[in-house]
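[1] Here is a sequence together with a model predicted from it:
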Amino acid sequence: MLTQSGRAVAAGAARRLGLRGLSSAQTGGDLPRDAFGAAVLKFANGDDAAGLEAAEKLAAARIAEVRDGKPTLEGGSDVVVDIGIERGLWLQTKVGEALGRQDEAFTRAGFKVGATNAAGQKRLGLEEPFYGELYRQTVLLSQDADSAVTHAALSTRGIEAEWAFILAEDLPPRAPNGAPYSRADVARIVHAVAPSIEVTATRSVSPAAPGIFLADGAGNGSVLLGAKSLWRDVNDTEVQGADAMVVTTSMDNEVKCRGDGTQVLGHPLEGFLWLCNRTDRPAFSKGDVILSGAANGVLPLPASSLPASVAVEFHGWGCLDLTIDSVSWVESKKEDFAVGAQPFVSSDL
């Protein structure tokens, strides 16, 4: 279980990510009131079978938020447990496998990289970046020339602006004792680079320790890729000069976040390279989308701020507009949670 200081780190990180908080009694260690939390507690004590049960429930919650408009795990989750980064990544993989079994539309579509600067790592109590899986049903390609889309919120928590690398070929994990991939190595497998918006989300109502945060898709809700007219070659100025490109995020016509590519390990290609060189990552496939990390931090989107119109501008490149309306999503339970965008598939290359 988390120590008192560990709980403070987890709860603080959750607040910064926009998660709803727990009472002091709950964070003090009360037993969870739902099956997911109970399974996580058993998993934290070494019961891998309980981990598989937790993965199935987390996968079902992710599908339900898209199919039925349910924003969280049924019954919520009252448990704050430190399962550790390694077991969190193990559970993330099992969630991905469970998603594929439960609904073929949720096969893996790529990965996201997060906490690519010291400030982001400090917020989450980490010493290096993290990664999470993306899924095909929620990686969207804008169909409009101006990249405008109306998107009904899932369990929305925030907005991030990112360089997205779309792969032209497979890339196996680096052998533990093998030479690391170079920037030139990974640049050769990139089909295109797109400006993108990540909508961060969580399937739990509780503040999550880092391991559970990783298991839950590392906070991913959905991704909007800029229209193909905005795609660039990896050698184009919009990519090579990313460290100097200003990126702003506005909400309802007011600039809320400003940054540039240096916030992604110095350059977005470095965020991509970091993930390529992880020996514990799954193999990449042609058509995978890799989000290299947030260029200007996270714009929190608490429920009180919705509906909201968000604009992410990559200055000198293009602007992506996103209208988020959680109220209509929950009330209508409409089947299509995006208007003006469709799930991205490798045949779109």
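    Received it, and whenever you're ready, just let me know what you need. These numbers were taken from a predicted model, which means no experiment stands behind them.

[2] Skip the chain neighbours and tell me the closest residue to Leu141.
    Spatial nearest neighbour of Leu141, excluding adjacent residues (C-beta to C-beta, 6 or more residues apart in numbering): Phe344 at 4.1 Å. All C-beta atoms are positioned from the backbone trio N, CA, C, and that covers glycine.

[3] what's the answer for Ala59, then?
    Ala98 is the one closest to Ala59 (C-beta to C-beta, 6+ apart), at 3.7 Å.

[4] Over to Val289?
    Closest residue to Val289 apart from its sequence neighbours, by C-beta to C-beta, 6+ apart: Gly110 at 3.6 Å.

[5] And Ala311, by the same measure?
    Here the residue nearest Ala311, using C-beta to C-beta, 6+ apart, is Ser250, at 4.6 Å.

[6] Touching, that neighbour and Lys256? I think so.
    Yes - with contact defined as C-beta atoms under 8 Å, Ser250 counts as touching Lys256 (6.3 Å).

[7] And the two? Which one has more around it.
    Higher neighbour count among Ser250 and Lys256: Ser250, with 18 against 15, using other C-beta atoms under 10 Å.

[8] before we move on, the earlier item: what helix or strand is the residue nearest to Val289 located in?
    Using DSSP states H and E, Gly110 sits within strand 108-114.

[9] List the contacts of that strand.
    With C-beta atoms under 8 Å, 6 or more residues apart in numbering as the test, strand 108-114 has contacts from 96, 100, 120, 129-136, 139, 162, 167, 198, 218-220, 223, 264, 271-272, 274-275, 281-282, 284, 287-294, 344.

[10] The nearest residue in space to Gln137 that is not next to it in sequence and Asp185, how far apart?
    Nearest residue to Gln137, sequence neighbours excluded (C-beta to C-beta, 6+ apart): Ala105, at 4.3 Å. As judged by C-beta to C-beta, to the nearest Å, Ala105 and Asp185 stand 32 Å apart.

[11] Same question for Gly219.
    As judged by C-beta to C-beta, Gly219 and Asp185 stand 29 Å apart.

[12] who has more neighbours, these two?
    Set Gly219 next to Asp185 and count neighbours by other C-beta under 10 Å: Gly219 wins out with 25 against 15.

[13] Surely the more buried one and Pro210 touch.
    No - Gly219 is beyond contact range of Pro210, at 10.6 Å (criterion: C-beta under 8 Å).

[14] Check Ala38 and give its pLDDT.
    As predicted, Ala38 sits at a pLDDT of 87.
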